[in-house]
Structures are given as C-alpha cells and as structure tokens.
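Undergrad: quick one, what's the 3D model for this:
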Amino acid sequence: MLVMAQLLDGKALAATIRGEIAARVAGRTQAGKRPPGLAAVLVGNDPASQGYVRSKHKACLENGLHSTVHRLPEETTQSQLLDLIEQLNADATVHGILVQLPLPRHIETDAILRAVTPAKDVDCFHPENVGLLTIGFPRFYPCTPHGVVQLLNRYNVPVAGHEVVVVGRSDIVGKPLSIMLMQKPTAHNPAAGDATVTVAHSRTHDLAAVCRRADILIAAVGQAGMITADMVKPGAAVVDVGTNRVGNAWVGDVAPEVATVAGWLSPVPGGVGPMTITMLLYNTVAAAEQIDG
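TA: Now for the predicted structure:
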C-alpha cells in the first residue's frame with residue numbers, strides 16, 4: 001500500500017499562530033498601548049508585489065494590527081524613497097517597515113534596506129540585524145526562515161542532532177535559515193535548531209547524493225520540480241519554499257511524486273507562504289514590544 005507524506009499544513013498552522021498574535025495585540029490595547037503598526041512601501045505596479053502587499057495589509061487588519069500602505073509611482077527617485085523611509089523611522093505609530101522587493105532598477109536596493117532603522121526592520125534585512133542573528137542574539141528572525149522552523153517544530157519533526165540539507169543560498173532564505181538551524185538554542189535564540197547543516201546549490205557536485213543524506217531537505221531555489229523522488233531519503237521531512245508560476249498555477253521546487261517517499265511534506269501553495277506573512281506579523285508585534293514596552 002502506498003503511504004503518502006504527512007502534510008506540513010502552513011495554512012492551518014498560520015491560523016493558529018495568528019490567533020496567538022491577535023491575543024497579544026488585544027492584551028496591549030487593553031493595557032492602553034497603541035496597536036503594533038506596520039508600514040508597507042510599494043514602488044511601481046508589479047502585479048505580484050501588489051498581491052503580496054494586499055495580503056499583508058489584510059492579515060494585519062484581521063489580527064488587530066495597524067497597517068498603512070504607501071504606494072509610489074515607478075518613477076519615484078531614490079532620494080524620494082529615502083525621504084519617506086526617514087519619515088517612517090520617526091513615526092511613533094509605525095513599529096515595522098516593509099519595503100516590498102523588487103524595487104525598480106534605478107533604485108539601489110541595498111541603500112534602501114540599510115536606511116530602515118534596525119529596530120523597525122521586521123524583514124530582518126538590515127546588516128545590523130543579520131549580524132545579530134549570526135552571533136546568536138537575534139532582534140528578529142527573518143520571516144520565511146522562521147516560518148520554516150515553526151513548521152518543523154510545531155509538527156514535531158525532529159531537528160536537533162539531525163542532518164539538514166538546504167538547497168539554495170539566497171540572503172533571504174538559504175543563508176539565514178542555515179544559520180538558524182545550525183545554532184545552539186539559548187534563551188536569546190530559542191528558534192535555533194542544533195542540527196548538522198549542509199548548504200547546497202547549483203554548483204554542488206552530485207546534488208542528488210547530497211540531498212539523499214538529509215533527514216530534513218529544504219528546497220529554496222526557485223526552479224519548478226527540481227527536487228525529485230530519487231533525491232529524497234525515504235521518510236525525510238521535505239519543506240518546499242519555492243513558488244514558481246507554471247501556466248496558471250503556482251508550483252514549488254519539489255516534484256509531486258516526492259509525496260510518496262517523504263515522511264513529511266509542505267505543499268505549494270499552502271505551506272511556507274502563509275507562514276511567511278504570519279511571521280511578519282509576529283515580528284511587528286515583537287518590534288512594538290521592544291519599542292513601546
């Protein structure tokens with residue numbers, strides 16, 4: 001009889017965590033404190049970016065957070081964008097600032113991300129926050145990596161002492177996730193995984209053999225169906241971070257037949273995606289607690 005992998009249901013887990021977040025927000029407002037505020041900045045008319053910002057705005061409002069969206073035209077200059085970020089840095093009603101990427105080509109992304117004050121950098125892109133994460137004293141956890149860790153932990157996937165392979169080395173997912181999973185858990189760093197971690201990528205020799213070593217295989221490369229069943233150790237947990245548009249559908253980096261080999265598998269859509277937005281709310285509440293108490 002064919003046994004299918006247990007579903008790592010990000011949509012269901014996100015709903016649970018958002019309930020916890022809403023309770024924290026309600027407690028703050030009942031104590032007379034201002035609600036956590038998230039300001040999103042969207043430059044241009046990219047349809048995918050517009051959709052992401054709408055989802056984040058909706059999630060904020062549904063869970064008691066204050067949300068504002070600053071929509072700027074494609075021709076906005078870097079200087080104009082920096083002026084807006086300076087205003088948001090100084091705005092006491094804003095606890096988190098999210099600059100939706102990608103930005104237009106004439107704007108230097110690194111300069112914009114560095115301009116966000118670290119205390120409001122709820123994406124954890126600022127070099128100061130990346131450095132704090134790296135040395136085990138995170139101010140915030142990056143949203144997608146934290147969503148992956150929450151999926152593993154709350155579905156009781158064994159992580160500590162196990163072998164993890166992360167396929168992908170991006171600054172947004174692969175690098176920070178590998179750091180989190182390899183670190184030793186402490187009071188300052190409770191989401192650390194205590195795992196043995198290998199980071200693989202397109203230049204890795206015999207990628208399939210490296211992947212088959214993994215007790216936990218995380219695919220974050222942005223290539224539809226790249227991870228096939230023959231690359232997965234039977235019973236391994238497979239987390240699919242990829243989101244790829246194929247025709248009219250969104251598909252992941254993991255081929256569907258992996259479900260017949262893996263012990264756990266996150267779907268696309270409905271896996272890591274809902275968790276990413278949820279951890280953005282989590283960080284915004286944490287920022288409000290750090291800034292306002």
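
Undergrad: SS state for the nearest residue to V116 once chain neighbours are set aside?
TA: With sequence-adjacent residues excluded and distances taken as Cβ to Cβ, 6 or more residues apart in numbering, V116 is closest to I97, at 4.9 Å. The C-beta positions use only the backbone N, C-alpha and C, and glycine is treated the same way. With DSSP: H, G, I helix; E, B strand; the rest coil as the basis, I97 sits in strand.

Undergrad: surely I97 touches C124?
TA: No: applying Cβ atoms under 8 Å, one finds I97 not in contact with C124, separated by 11.9 Å.

Undergrad: what is in contact with these two at once?
TA: In terms of Cβ atoms under 8 Å, 6 or more residues apart in numbering, I97 and C124 are not both contacted by any residue.

Undergrad: quick one: residues contacting H126.
TA: H126 neighbours (Cβ under 8 Å, 6+ apart): L113, R114, V116, P118.

Undergrad: ranges for the strands of this structure?
TA: Taking DSSP state E as the criterion, the chain carries its strands at 6-7, 37-43, 66-72, 96-99, 163-167, 196-200, 216-219, 237-240, 244-246, 249-251, 264-265.

Undergrad: and those strands as CSV, adding mean pLDDT, mean neighbour count and distance to C60?
TA: Below are these laid out as CSV (pLDDT from 0 to 100; neighbours: other Cβ atoms under 10 Å; distance: least, Cβ to Cβ, whole Å):
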stretch, mean pLDDT, mean neighbour count, distance to C60
strand 6-7, 96, 16, 27
strand 37-43, 98, 23, 5
strand 66-72, 97, 17, 4
strand 96-99, 98, 26, 10
strand 163-167, 98, 24, 29
strand 196-200, 98, 19, 33
strand 216-219, 98, 28, 27
strand 237-240, 98, 27, 26
strand 244-246, 90, 12, 26
strand 249-251, 91, 14, 23
strand 264-265, 98, 22, 30
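
Undergrad: where does the stretch 151-293 of the chain dip in pLDDT?
TA: By pLDDT under 70, the stretch 151-293 of the chain has no low-scoring segment.

Undergrad: could you chop the protein up by domain?
TA: 34-117, 141-273 (automatic domain parsing).

Undergrad: distance from the chain centre to the last one, please.
TA: Same thing as domain 141-273. From the chain centre to the centre of domain 141-273 is a distance of 12 Å (Cα atoms, centre = their mean, to the nearest Å).

Undergrad: before we move on, what about the shortest one?
TA: The gap between the average C-alpha position of domain 34-117 and the chain average comes to 17 Å, counting by Cα atoms, centre = their mean.

Undergrad: can you give me the end-to-end distance of that domain?
TA: 20 Å (Cα to Cα, to the nearest Å).

Undergrad: same thing with stretch 170-185?
TA: End-to-end span of stretch 170-185 (Cα to Cα): 23 Å.

Undergrad: next one: stretch 25-41
TA: This stretch, stretch 25-41, spans 23 Å end to end (Cα to Cα).

Undergrad: and for stretch 234-253?
TA: Chord length of stretch 234-253, first to last residue, is 18 Å (Cα to Cα).

Undergrad: residues touching it, excluding its own?
TA: Residues from elsewhere that reach stretch 234-253 (Cβ under 8 Å, 6+ apart): 5, 8, 144, 148, 151-152, 157, 167-168, 173, 214-227, 232, 254, 258, 261-269, 271-273.

Undergrad: gap between A259 and M180?
TA: Taking Cβ to Cβ, to the nearest Å as the measure, A259 falls 26 Å from M180.

Undergrad: more neighbours, those two?
TA: Using other Cβ atoms under 10 Å as the criterion, A259 and M180 rank with M180 on top: 24 against 19.

Undergrad: identify the residue nearest that one in space, chain neighbours excluded?
TA: In space, and not counting its chain neighbours, M180 is closest to P145: 5.5 Å by Cβ to Cβ, 6+ apart.

Undergrad: how near is that neighbour to D91?
TA: 28 Å.

Undergrad: ditto for V167
TA: To D91, V167 is 40 Å away according to Cβ to Cβ.

Undergrad: can you check H205 too?
TA: Distance, H205 to D91, by Cβ to Cβ: 50 Å.

Undergrad: so which of these two has more stuff around it?
TA: Looking at H205 and D91 with other Cβ under 10 Å, you find the greater number of neighbours at D91, namely 14 against 7.

Undergrad: excluding its backbone neighbours, what's nearest that one?
TA: Per Cβ to Cβ, 6+ apart, closest to D91 is A39, 7.4 Å.
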